[in-house]
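*Asks:* give me the fold of what follows.
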Amino acid sequence: SQDSQVLLRVHKVLQDARTAGNWSLPRIRERDPGYFKEFKDVVSRPYVIRGYSRELGNRVLSGEHAATKREMFSETRSDRCMQEMMGSTGPRQDPNIHTTRCTVTDECWRFVTADGATGYTITHQLLWTILGEHVGCKENINAFASREGVWEGVESIQQHLCTKILREAEVLAYSGPPEPEQDLFLEQ
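*Replies:* Residues are numbered from 1 along each chain as shown. Sure thing, here's the model as predicted:
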């Protein structure tokens, strides 16, 4: 049946991803040990994402604000926010980063909830929430969300971001992603 074919393809993609991950981890560790150490929580154990049904959203989160140019994607800012969430330390770590696991700073919250973001910013906003769940910080994120007026917390943030990512991916798929956007399309 068609469902069986789809399931087989998904299983094959999963196997290929596992093979690629197992092949790349030692090389990343060897090439940049400091970076590997800082982000070892990201790669050291499988992500268990609890599946639950979600519908695409149409509304803006109540605590969301318009993104400024300063809040558009910065890999350095994204890495710093993830380091703060993990409480990671390492030779390359910015000394201004808090080292307590589950830290949510105002700057990172603005980054994660900045509306109007596109491309890599949206995927890294979502990645930050997934990482937070992965390292056991969902309650902290939800508490921060409540304090900031995003009452629904992680699930509503993820639903909102997934909706934005899907809409952007559909545009890229329809028009064919331009050369510099091909890796973004895969990330989405």
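*Asks:* can you give me the helices in this protein?
*Replies:* For the chain, the helices defined by DSSP state H cover 2-31, 33-38, 40-43, 75-86, 106-113, 120-134, 138-148, 154-175, 182-187.
*Asks:* from the contact counts, what lies against the fourth one?
*Replies:* Identification of packing neighbours for helix 75-86 by 3 or more Cβ pairs under 8 Å, 6 or more residues apart in numbering; DSSP states H and E yields helix 40-43, helix 106-113, helix 120-134. C-beta: built from backbone N, CA, C; applies to glycine.
*Asks:* quick one: the first one to chain centroid distance?
*Replies:* The chain centre lies 13 Å from the centre of helix 40-43; the measure is Cα atoms, centre = their mean, to the nearest Å.
*Asks:* reformat the helices of the chain as JSON lines; add distance to Thr100 and mean pLDDT.
*Replies:* Output for the helices of the chain, formatted as JSON lines (distance: least, Cβ to Cβ, whole Å; pLDDT from 0 to 100):
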{"stretch": "helix 2-31", "distance to Thr100": "25", "mean pLDDT": "84"}
{"stretch": "helix 33-38", "distance to Thr100": "15", "mean pLDDT": "77"}
{"stretch": "helix 40-43", "distance to Thr100": "14", "mean pLDDT": "71"}
{"stretch": "helix 75-86", "distance to Thr100": "8", "mean pLDDT": "84"}
{"stretch": "helix 106-113", "distance to Thr100": "13", "mean pLDDT": "87"}
{"stretch": "helix 120-134", "distance to Thr100": "14", "mean pLDDT": "89"}
{"stretch": "helix 138-148", "distance to Thr100": "10", "mean pLDDT": "89"}
{"stretch": "helix 154-175", "distance to Thr100": "19", "mean pLDDT": "83"}
{"stretch": "helix 182-187", "distance to Thr100": "29", "mean pLDDT": "61"}
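*Asks:* want to throw the ones you listed into JSON lines with mean neighbour count?
*Replies:* As requested, the helices of the chain are exported to JSON lines (neighbours: other Cβ atoms under 10 Å):
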{"stretch": "helix 2-31", "mean neighbour count": "10"}
{"stretch": "helix 33-38", "mean neighbour count": "16"}
{"stretch": "helix 40-43", "mean neighbour count": "16"}
{"stretch": "helix 75-86", "mean neighbour count": "20"}
{"stretch": "helix 106-113", "mean neighbour count": "19"}
{"stretch": "helix 120-134", "mean neighbour count": "21"}
{"stretch": "helix 138-148", "mean neighbour count": "17"}
{"stretch": "helix 154-175", "mean neighbour count": "16"}
{"stretch": "helix 182-187", "mean neighbour count": "13"}
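*Asks:* how far does stretch 155-168 sit from the chain's center?
*Replies:* With Cα atoms, centre = their mean, you get 11 Å for stretch 155-168.
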